[in-house]
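Colleague: Please work out how this folds:
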Amino acid sequence: MTSDTAAGRPPRHFHVNLQALGIFIAAAAIFAIFGVLNSNFLTLGNLRDVAVSACVNALIGIGLTFVIITGGIDLSVGSIASFTGIVTANMMVNQGVSPVPALIAGLVLGFLAGVVNGLLITVLKLPPFIATLGTMSVYQGLAYVVTSGTPVYNVPQPFVLMLNSYIGGVPIVVVVVIVVALLAWLLLRRTVFGQNVIATGGSEETAWLSGVRVSRVKILVYGLSGTLAALAGLVVVARISAAQSEAGSPYLLTAIAAAVIGGANLMGGEGRIAGTLVGALILGALTNGLTLLNVPSFYEQIVTGLVVLIAVAIDQGSRGWPSLRGRRNQAEAAQLTPGVDGTTTDRPAEPAVGSRASE
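Modeller: Okay, the predicted model is just below:
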């Protein structure tokens, strides 16, 4: 008998798996509904289009999943995608750099941009929202400065083929996403670094007391997020054979939505790589399905927002609405605080070392 069972609580692993199962059931239901509404939706060619359309959100969302697990947020990922895309394309078209070195340079640039975010958060102690909100504007501005806002056309065909061709009938970008997702899952679930990421999101103080170098973990996590955002930007460049200064901006909110739909807890400490992939597929299916049904494109934003709200509501409900429970506990503790005369009938328990209450 486990300690959770002995304490009268259901085993944690069952709870987590049940949540993950719900995401897959929701995805299957969405695919089935669109399949009934339009017979072309479930054809092999259209399903391939859905997978391709989900790839950019999946790549950025995987990086964001690591960030969200640490309890942070990265609002600069769309700008990093735009910045690295325009820089890489400019290197190839206007400076004669070969595709492979240019691609590597773009990934390194994305990593450095993410590291800057991490340093602002860990060294200057800026809140992640404020730090990445500022760098979002900086990186987007740099994307315009590189070519004075002019798009870069005629991207070399070898670069396009690297990220926008097929392997045995399967789009190479889908293969790239699968490989990245597998490596990310191994990094998160099978390495010490991954356990440190989860521990940092659960409680920074407890992680620090346990010997985790919290600042280094955060810097590397934001570097990873920047690298995957850069890769997503390069995928966009290959897809349209050109680079535009604002090409990555539309993917910020949808990538966050993919991670949240997939079960990433915005309070930190929990997230699933597979869930993020499914979340990206759900968004891709919604976009594709609504297009097949001739629904105006601006309704897509409404549907996406509703899906995110429903996903978060279900997730919070399955946890017993912890945010409301936390407020209730705080209110009860305030009522039990000793008065001026020092008299009270009870006293709230001291928070455990490393708990969120003590942070």
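Colleague: how does the protein divide up, domain by domain?
Modeller: 16-319, 320-359 (automatic domain parsing).
Colleague: quick one: average confidence on the last one?
Modeller: Translated: domain 320-359. For domain 320-359, mean pLDDT is 50.
Colleague: Please tabulate the domains of the chain in JSON lines, including the columns mean neighbour count.
Modeller: (Each C-beta comes from the backbone N, C-alpha and C, glycine too.) JSON lines is the format used below for the domains of the chain (neighbours: other C-beta atoms under 10 Å):
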{"stretch": "domain 16-319", "mean neighbour count": "20"}
{"stretch": "domain 320-359", "mean neighbour count": "11"}
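Colleague: Just give me the lowest mean pLDDT stretch among these.
Modeller: Minimum mean pLDDT among these: domain 320-359, a mean of 50.
Colleague: Against residue 45, how distant is the residue lying closest to residue 116 once chain neighbours are set aside?
Modeller: The spatial neighbour of residue 116 that comes closest, neighbours along the chain excluded (C-beta to C-beta, 6 or more residues apart in numbering), is residue 135 at 6.5 Å. With distances taken as C-beta to C-beta, to the nearest Å, residue 135 is found 39 Å from residue 45.
Colleague: and if you look at residue 39?
Modeller: 13 Å.
Colleague: distance of residue 295 from residue 286?
Modeller: Counting by C-beta to C-beta, the gap from residue 295 to residue 286 is 10 Å.
Colleague: That should have said residue 217, apologies.
Modeller: 34 Å.
Colleague: for whatever helix or strand residue 162 lives in, packing partners?
Modeller: Element membership for residue 162, per DSSP states H and E: helix 157-163. The contact analysis (3 or more C-beta pairs under 8 Å, 6 or more residues apart in numbering; DSSP states H and E) places helix 157-163 against helix 99-122, helix 172-189, helix 214-240.
Colleague: Rebuild those as JSON lines, extending it with distance to residue 308.
Modeller: Below are the helices and strands packed on helix 157-163 laid out as JSON lines (distance: least, C-beta to C-beta, whole Å):
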{"stretch": "helix 99-122", "distance to residue 308": "23"}
{"stretch": "helix 172-189", "distance to residue 308": "21"}
{"stretch": "helix 214-240", "distance to residue 308": "19"}
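Colleague: residue contacts, the residue nearest to residue 116?
Modeller: Counting by C-beta atoms under 8 Å, 6 or more residues apart in numbering, residue 135 makes contact with 76, 79, 113, 116-117, 120.
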